[in-house]
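Engineer: sequence unknown, structure follows:
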Ligand SMILES: Nc1nc2c(ncn2[C@@H]2O[C@H](COP(=O)(O)OP(=O)(O)OP(=O)(O)O)[C@@H](O)[C@H]2O)c(=O)[nH]1
Ligand SMILES: [Mg+2]
């Protein structure tokens with residue numbers, strides 16, 4: 001499938017000025033919105049977990065976790081929701097659409113989400129330093145990209161319910177190649193090197209940047225890029241630029257907000273993750289014709305894991321049919 005035929009966003013009206021200039025604008029954080037109960041469709045679609053590996057996660061006890069995020073669903077106006085490909089809103093059914101929004105996201109669950117969402121098998125396939133070296137079997141794939149240390153490899157491990165399938169580190173710059181992982185023998189998750197790692201040698205930085213961007217532009221079976229943004233800190237210019245670059249190049253993108261378990265104390269001046277998420281979106285909103293899909297996650301509490309897998313399932317199944 002050619003890149004230009006890829007599903008998804010009706011993306012972008014091209015920025016009329018660099019997106020990062022928006023950082024200079026005052027914050028437009030809107031008033032808090034009423035909450036809806038969590039989406040019922042989710043539990044119906046998620047089949048039981050069957051992964052059995054030596055590094056499988058222990059069941060986690062989060063009973064002492066602070067204020068769990070994501071047990072509530074923020075009600076968003078229709079024009080801020082992401083309607084998956086193949087879905088539409090029937091006049092008069094706005095309530096029905098809102099009820100199908102995945103928890104902690106703006107993503108509506110459509111008819112292409114199937115019972116194939118959960119990960120049953122996951123294996124490392126290969127590391128490539130050039131797009132040409134990547135697997136050539138044409139299976140659909142999703143790539144995880146974001147600043148160094150944002151939590152790409154951790155998210156991958158969370159999605160596949162393994163502790164060390166992808167290597168993680170406290171030090172940025174751990175992942176340095178295009179790493180393919182095969183899921184359920186039918187699709188790929190791709191872990192990419194991070195951008196914005198200031199301590200990397202200049203040449204290495206240029207190489208990673210170039211080969212990941214070439215990969216986005218040349219990979220016909222790339223269903224969507226998942227751009228990870230750290231929700232525990234305010235928006236960064238480099239992330240806004242990256243989102244803008246993907247949009248301008250018509251590369252389908254989902255924004256994944258990471259580290260949503262990290263709660264800064266208001267009295268210390270820190271913003272809550274949901275406030276950082278909202279600010280980031282208000283900064284990019286006017287540059288997109290349609291709202292890009294976004295979702296809040298944590299690899300510590302596994303917030304957003306099932307929801308991302310459902311989102312991937314509906315994108316993948318639509319991609320396969322078109
Ligand atoms: N609190 C919290 N920490 C996280 C989360 N995700 C990742 N981390 C931590 O952030 C650090 C970096 O995680 P990685 O998954 O290695 O990040 P990466 O984006 O793959 O980094 P590079 O490969 O260097 O680009 C590790 O110390 C993780 O434990 C999260 O959701 N919450
Ligand atoms: Mg990594």
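Structural biologist: Sure thing, it's come through. Every value quoted in this text rests on a predicted model; they were computed, and no experiment measured them. Ligands and ions are numbered 1, 2, ... in the order given.

Engineer: if I look at residue 75, how far off is ligand 2?
Structural biologist: Relative to ligand 2, residue 75 is positioned 35 Å away (C-beta to the ion, to the nearest Å). Yep, even glycine has a C-beta here, placed from its N, CA and C like the rest.

Engineer: ditto for residue 127
Structural biologist: Taking C-beta to the ion, one finds residue 127 at 12 Å from ligand 2.

Engineer: contacts for stretch 122-142, please.
Structural biologist: 51, 160, 162, 165-166, 177-184, 186-190, 211, 214-215, 218-226, 312, 315-316, 319-320 (C-beta atoms under 8 Å, 6 or more residues apart in numbering).

Engineer: how about it: buried residues?
Structural biologist: Neighbour-count burial for stretch 122-142, counted by 16 or more other C-beta atoms under 10 Å, picks out 122, 128, 131, 134, 139, 140, 141, 142.

Engineer: packing partners for the helix or strand hosting residue 157?
Structural biologist: Using DSSP states H and E, residue 157 maps to helix 152-160. Packing partners of helix 152-160 (3 or more C-beta pairs under 8 Å, 6 or more residues apart in numbering; DSSP states H and E): strand 141-146, strand 178-183, strand 187-191, strand 222-230, strand 253-258, helix 305-321.

Engineer: tell me what the second one is packed against?
Structural biologist: What it means is strand 178-183. Using 3+ C-beta pairs under 8 Å, 6+ apart, the elements in contact with strand 178-183 are strand 122-128, helix 152-160, strand 187-191, helix 202-218.

Engineer: residues touching that strand, excluding its own?
Structural biologist: Contacts for strand 178-183 (C-beta under 8 Å, 6+ apart): 119, 121-129, 131, 133-135, 139, 141, 156, 160, 165-166, 188-193, 211-212, 215.

Engineer: near ligand 1, list only the ones from the residues you listed.
Structural biologist: residue 193 (C-beta under 6 Å from any ligand atom).

Engineer: so who does residue 312 touch?
Structural biologist: Listed by C-beta under 8 Å, 6+ apart, the contact set of residue 312 reads 117, 142, 187, 223, 224.

Engineer: quick check, nearest of the residues you listed to ligand 2?
Structural biologist: Among the contacts of residue 312, residue 142 lies closest to ligand 2 (C-beta to the ion), at 15.2 Å.

Engineer: next, residue 238: secondary structure please.
Structural biologist: What DSSP: H, G, I helix; E, B strand; the rest coil gives for residue 238 is helix.

Engineer: pLDDT wise, what is it at?
Structural biologist: With respect to pLDDT, residue 238 scores 91.

Engineer: ok, residue 121 to ligand 1 distance?
Structural biologist: Per C-beta to the nearest ligand atom, to the nearest Å, residue 121 is found 21 Å from ligand 1.

Engineer: got it, and residue 181?
Structural biologist: Taking C-beta to the nearest ligand atom as the criterion, residue 181 is separated from ligand 1 by 13 Å.

Engineer: tell me the contacts of the spatially closest residue to that residue that is not a sequence neighbour?
Structural biologist: Of all residues not flanking residue 181 in the chain, residue 189 sits nearest, at 4.7 Å (C-beta to C-beta, 6 or more residues apart in numbering). Residue 189 makes contact with 122, 141, 142, 144, 156, 159, 160, 180, 181, 183, according to C-beta under 8 Å, 6+ apart.

Engineer: now distance to residue 239 and pLDDT too, for the buried residues of stretch 122-142, in CSV please.
Structural biologist: As requested, those are exported to CSV (distance: C-beta to C-beta, whole Å; pLDDT from 0 to 100):
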residue, distance to residue 239, pLDDT
122, 27, 96
128, 25, 90
131, 23, 88
134, 25, 95
139, 29, 97
140, 25, 98
141, 22, 98
142, 18, 98
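
Engineer: which of these sit farthest apart?
Structural biologist: Taking C-beta to C-beta as the measure, these span a maximum distance of 22.3 Å, between 122 and 131.

Engineer: and the stretch 1-150 of the chain, which residues reach ligand 2?
Structural biologist: With C-beta under 5 Å from the ion as the criterion, the stretch 1-150 of the chain does not come near ligand 2 at any residue.

Engineer: show me which residues of the stretch 1-150 of the chain sit near ligand 1.
Structural biologist: 146, 148, 149, 150.

Engineer: rerun at 8 Å
Structural biologist: Residues of the stretch 1-150 of the chain lying near ligand 1 by C-beta under 8 Å from any ligand atom: 144, 146, 147, 148, 149, 150.

Engineer: ok, the third one - how many residues close by?
Structural biologist: Other residues lying near residue 147 total 21 when counted by other C-beta atoms under 10 Å.

Engineer: same check on the second one?
Structural biologist: Burial measure for residue 146: 25 neighbouring residues, criterion other C-beta under 10 Å.

Engineer: ok, it - contacts?
Structural biologist: Counted by C-beta under 8 Å, 6+ apart, residue 146 has contacts 152, 194, 195, 227, 228, 229, 230, 239, 242, 256, 258.
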